[in-house]
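Engineer: sequence plus the predicted model coming up.
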Number of protein chains: 2
Amino acid sequence: MQRKIRIGIAGYGNLGKGVEMAIAQSPDMELVGVFSRRNPADVQLLDSNIPVHAQNDIAQFRDQIDVLILCGGSKNDLPEQGPALAAMFNIVDSFDTHATIPEYHAAMDSAAKPAGYTAMISVGWDPGLFSLNRLYGEAILPVGATYTFWGKGLSQGHSDAVRRVPGVKAGVQYTLPAEAAIERVRNGELPELATREKHKRECYVVLADGADAKEVEQNIVSMPHYFADYDTTVNFISEQELRRDHAAMPHGGVVIRSGTSDAGTTQVMEYTLKLGSNPEFTAAVLVAYARATWRLNQSGVIGAQTVLDVAPGLLSPKSGAELRKELL
Amino acid sequence: MQRKIRIGIAGYGNLGKGVEMAIAQSPDMELVGVFSRRNPADVQLLDSNIPVHAQNDIAQFRDQIDVLILCGGSKNDLPEQGPALAAMFNIVDSFDTHATIPEYHAAMDSAAKPAGYTAMISVGWDPGLFSLNRLYGEAILPVGATYTFWGKGLSQGHSDAVRRVPGVKAGVQYTLPAEAAIERVRNGELPELATREKHKRECYVVLADGADAKEVEQNIVSMPHYFADYDTTVNFISEQELRRDHAAMPHGGVVIRSGTSDAGTTQVMEYTLKLGSNPEFTAAVLVAYARATWRLNQSGVIGAQTVLDVAPGLLSPKSGAELRKELL
């Protein structure tokens, strides 16, 4: 029996809490500690036996952690934290600013490789499992088109972006897919759909005292990568309404590859997620990839990696022989 | 510019023809020849410029083929051909007798490894892409249940099995899913479903002259692995009816993982294929995995491999940097 994989969590918001839950469902892993920028005494874990440490002390734990799971946000936390921590630990993160992934990959590779660590970046469901399905789709059906629709769901990354706008006290963002567009794709029509035709974005925002609503709205809807290319509506609500009506964090979506063989036959591959909790699911993906990250590092694969680089079998605690017998 | 990957096809039935089509859609590959047990002059390819050779002469082509795609059947062809050819070529096959995959894997590994070749076995959609989704499902949501439903569709493997029963001149087999069972799974009910509750099997059979219908029916419905565990009906029809009503080869199915987080939240992952042509799609998967097989062999990974061992990025002709930029 191999010893358990020792996991650390950096950042304890919804995602960090989800990681704690997912580790509790993984008998081959143990959570050795949570690191927070808050006062450790103020951080309440689900399991009170797990220690909480100050983020600033993390370097002292290099020998006690096999894989550190970074649970900060992509906009402000990870670009800074990621490379610093990748030089000290094997890490897994959920960096999800699609447009800057190549740049982030390069920074993480430069940090991790010289130190002999493995940095598994952009893990989750999109980027992550949806990326995999886009890849399987176009590699297997090279003649065709790939479509991704999200929602209806609350997006962590986009809600985080909203909350970082000056004048926003609290808020959430929902992504809504256009069902009519999905039906056209399923029917093999191969429609050309503009970004704006596929989804809408809805924000529910609590203003900070004295903030200017018009200015906040303008700063949200014009934000590049996140909102500028969509029809975005911003609704201002009270803190009470936010707590009452927007506490759940469901999400989901679908990736569809519609292709044709050389004989003109239509083939459709469709991947759907219906998630009761987006952060809990993203966390579950992070934890499975933490297992793969540790194995890759042990076998000498270092530097920045993504889900596209990970053989699926590495995600499972089962042996190759067990997987072939049970799953093939 | 790297030279093209040189592919050979062993066996030219529906699957072999599908492979020829899929290679025509893959600019980084070239089909260097087809090998057949029939008289080569009688084998008509889609592209008449591709040479057809006698299967018996295949050893002469060891230096001209990077990956040989085996397009024989799992019941009689591959168990014999597979190990013999894996000692002479990198191969990809679609061995799909689930119960004997571990044994076949061992035989292929013993043949390929000492010769320095890579043998990618059991590729297609089930086993294959469905296996991958079963794996991603249980690795990410360890607390839950996985369900696979097939059809409605014509199954190549099962039709092949029917046709090998003595007294059967020709025939096809359809797999039908139980829609009510699928709905229960989608609703998160986690039902316990017996094999018999999930699908039915329907055979349409043309009897050979003088064959005994009762005996043929009994031999089909009692066949282990293929029919014994299902409600199987056998319909005897004329050759004319078979040609008229059963020429298309659609198939498909769905893999669903229904799981719960440690907080009790329901998460559902669903993978659906709707295939106009089962052999053309299986062939497309084989060709994408031929690309990965060649790369693995070039990087020193030899012996028997399955889809569970293949990093997704290896399936695409694009570079890692292109994939990260376009698909993550």
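Structural biologist: Ah, there it is.

Engineer: residue ranges for the strands of the stretch 101-250 of chain A, please.
Structural biologist: Along the stretch 101-250 of chain A, the stretches classed as strands by DSSP state E, counting those that start in this stretch are A:118-120, A:144-150, A:153-154, A:168-177, A:199-207, A:231-236.

Engineer: please name the nearest non-neighbouring residue to A:Leu193.
Structural biologist: Distances taken as CB to CB, 6 or more residues apart in numbering or on different chains place A:Ala181 nearest to A:Leu193, at 5.5 Å, with adjacent residues excluded. (Each C-beta comes from the backbone N, C-alpha and C, glycine too.)

Engineer: give me the phi and psi for the residue nearest to A:Ala161 when sequence neighbours are not counted.
Structural biologist: Closest residue in space to A:Ala161, ignoring its immediate chain neighbours: A:Tyr226 at 4.7 Å, by CB to CB, 6+ apart. Phi and psi for A:Tyr226, reported as degrees, to the nearest 10, are phi -90, psi -50.

Engineer: got the contact list for the nearest residue to A:Val92 once chain neighbours are set aside?
Structural biologist: Once flanking residues are discounted, A:Val92 sits nearest to A:Met120: 4.5 Å by CB to CB, 6+ apart. For A:Met120, the contacting residues are A:90-93, A:289-290, A:292-293, A:296, A:305-307, A:310, by CB atoms under 8 Å, 6 or more residues apart in numbering or on different chains.

Engineer: who's A:Met120 bridged to?
Structural biologist: Beta-bridge pairing for A:Met120 (DSSP bridges): A:Val92, A:Gln305.

Engineer: tell me the pLDDT at it?
Structural biologist: The model reports A:Met120 with a pLDDT of 98.

Engineer: what about it, distance to B:Leu207?
Structural biologist: Distance, A:Met120 to B:Leu207, by CB to CB, to the nearest Å: 58 Å.

Engineer: A:Ala99 versus the residue nearest to A:Ala161, what's the distance?
Structural biologist: 10 Å.

Engineer: my guess is A:Pro166 meets A:Asp212, correct?
Structural biologist: No. In this structure, A:Pro166 is not within contact of A:Asp212 by CB atoms under 8 Å, at 9.7 Å.

Engineer: on that earlier part again, burial of the residue nearest to A:Ala161, as a residue count?
Structural biologist: Counted by other CB atoms under 10 Å in any protein chain shown, the residues lying close to A:Tyr226 total 22.

Engineer: dump the residue contacts of it.
Structural biologist: Counted by CB under 8 Å, 6+ apart, A:Tyr226 has contacts A:Gly157, A:His158, A:Ala161.

Engineer: and chain B, is stretch A:146-156 touching that?
Structural biologist: No. Using CB under 8 Å from any CB of the partner chain, stretch A:146-156 never reaches chain B; the gap is at least 8.6 Å.

Engineer: show me chain A divided up by domain.
Structural biologist: Listed domain ranges for chain A are A:5-126+A:279-327, A:129-276 (source: the TED database).

Engineer: which one of these is the most hemmed in?
Structural biologist: domain A:5-126+A:279-327 (a mean of 21; mean count of other CB atoms under 10 Å in any protein chain shown).

Engineer: thinking again about what came up before, would you turn the contacts of A:Tyr226 into a markdown table with pLDDT?
Structural biologist: As requested, the contacts of A:Tyr226 are arranged in a markdown table below (pLDDT from 0 to 100):
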| residue | pLDDT |
| --- | --- |
| A:Gly157 | 81 |
| A:His158 | 91 |
| A:Ala161 | 94 |
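
Engineer: would you list the phi and psi of the residue nearest to A:Arg184 when sequence neighbours are not counted?
Structural biologist: Ranked by CB to CB, 6+ apart and with sequence neighbours excluded, the top spatial neighbour of A:Arg184 is A:Pro191, at 4.8 Å. Main-chain torsions, A:Pro191, degrees, to the nearest 10: phi -70, psi 150.

Engineer: give me every residue in the stretch 1-150 of chain A lying close to chain B.
Structural biologist: A:18, A:21-22, A:24-26, A:46, A:98, A:101-102, A:105, A:122, A:127, A:129, A:131-132, A:134-136, A:138-143.

Engineer: quick one: contacts for the closest residue to A:Glu215 other than its chain neighbours?
Structural biologist: Distances taken as CB to CB, 6+ apart place A:Gly167 nearest to A:Glu215, at 6.6 Å, with adjacent residues excluded. Contact partners of A:Gly167, counting by CB under 8 Å, 6+ apart, are A:Leu207, A:Ala208, A:Ala211, A:Asp212, A:Glu215, A:Val216, A:Asn219.

Engineer: swap in A:Gly252?
Structural biologist: Here A:Gly252 is in contact with A:Trp150, A:Gly151, A:Lys152, A:Gly153, A:Thr272, A:Leu273, A:Lys274, A:Leu275 (CB under 8 Å, 6+ apart).

Engineer: just give the nearest non-adjacent residue to the third one, would you?
Structural biologist: Beyond its immediate neighbours in the sequence, the residue positioned closest to A:Lys152 (CB to CB, 6+ apart) is A:Leu176, lying 5.0 Å away.

Engineer: ok, what's across the strand from the one you found?
Structural biologist: According to DSSP bridges, beta-bridge pairing links A:Leu176 with A:Lys200.

Engineer: same deal with A:Leu207?
Structural biologist: Under DSSP bridges, the beta-bridge partners of A:Leu207 are A:Val168.

Engineer: hang on, it packs against A:Pro166?
Structural biologist: No. Using CB under 8 Å, A:Leu207 is not in contact with A:Pro166, being 10.8 Å away.

Engineer: the longest helix in chain A is where?
Structural biologist: helix A:278-298 (DSSP state H).

Engineer: from chain B, how far off is A:Ser262?
Structural biologist: I think there's a mix-up here, since residue A:262 is Asp and not Ser. 4 Å (CB to the nearest CB, to the nearest Å).

Engineer: wait, that residue sits on B:Val19?
Structural biologist: No. Using CB under 8 Å, A:Asp262 is not in contact with B:Val19; the gap is 10.6 Å.

Engineer: show me the contacts for the closest residue to A:Gly313 other than its chain neighbours.
Structural biologist: Among residues not flanking A:Gly313 along the chain, B:Leu308 sits closest, at 4.0 Å (CB to CB, 6+ apart). Counting by CB under 8 Å, 6+ apart, B:Leu308 touches A:Ala311, A:Pro312, A:Gly313, A:Gly320, A:Leu323, A:Arg324, A:Leu327, A:Leu328, B:Ser131, B:Leu132, B:Leu135.
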